[in-house]
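**Q** Please find the sequence and the predicted model below.
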Amino acid sequence: QAESRYYTNEGDQIGRGPLPAQVGQETKYWAMIKIQNATSQVKNLLLTAELPNYVSWTGRSSVSHGQDISYNSNTKKITWKLNTLAPYTQAGIYFEISLTPDITMVDKTPIIVKNINLTGTDSYIEENIIQTTPDIDISLPNDQLGKEKGVLIIK
């Protein structure tokens, strides 16, 4: 599961800047990716994602398991690795990104994280796991407070 947030479920503001986002002004969102494991231990997990050219990495991130996210500024690629994830366990990968919309984005909800892929190996049956998640845009699908303030870019 992957989504964008400006507020937590409890109503705490985690995003920064105008909401709805405005042309020429920086708004920071949090991308939240949750991985839910089923019945088998999974090993060699690798999560990769990319930022579009118009999105900036802020350097702020948090993970529930393993080492922190690594970011390559040349390729705009995000990487997170985990050796093993126990059965029935959830892992969370969270990071802040910045968007300064231009005039072509007015009345749109631009993508802020793309090409989200998770790979690993099921330890029980030794099968490779490949999971692709839809791109994350600024529509704040599960952020009711943020949605009420507006998700379409304004002038």
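**A** Everything's here; your move.
**Q** List the contacts of the residue sitting nearest the centre point of the chain.
**A** Central residue of the chain (Cα atoms, centre = their mean): residue 31, 2.9 Å from the mean position. By Cβ atoms under 8 Å, 6 or more residues apart in numbering, the residues touching residue 31 are 2, 3, 4, 49, 94, 95, 96, 97, 112, 113, 136. C-beta: built from backbone N, CA, C; applies to glycine.
**Q** Please name the residues that touch the first one.
**A** With contacts defined as Cβ under 8 Å, 6+ apart, the neighbours of residue 2 are 31, 32, 33, 34, 113, 116, 133, 134, 136.
**Q** Show me just the buried residues among those residues.
**A** 31, 32, 33, 113, 116, 133, 136 (16 or more other Cβ atoms under 10 Å).
**Q** immediately after the helix or strand that contains the second one, which helix or strand?
**A** Applying DSSP states H and E as the criterion places residue 32 in strand 27-36. Tracing the chain past strand 27-36, the next element assigned as helix or strand by DSSP H and E is strand 42-50.
**Q** Now the next helix or strand after that following strand - C-alpha only, CSV.
**A** The element immediately downstream of strand 42-50 (helix or strand, assigned by DSSP H and E) is strand 55-63. Presented in CSV, the C-alpha positions along strand 55-63 are these (Å, rounded to 0.1, in the frame of the first residue of the first chain):
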residue,chain,number,x,y,z
VAL,A,55,9.9,16.5,-7.2
SER,A,56,12.7,17.1,-4.7
TRP,A,57,14.0,14.8,-2.0
THR,A,58,14.1,16.6,1.4
GLY,A,59,16.3,14.0,3.2
ARG,A,60,13.7,13.4,5.9
SER,A,61,12.6,9.7,6.2
SER,A,62,11.7,7.0,8.7
VAL,A,63,11.5,3.2,8.5
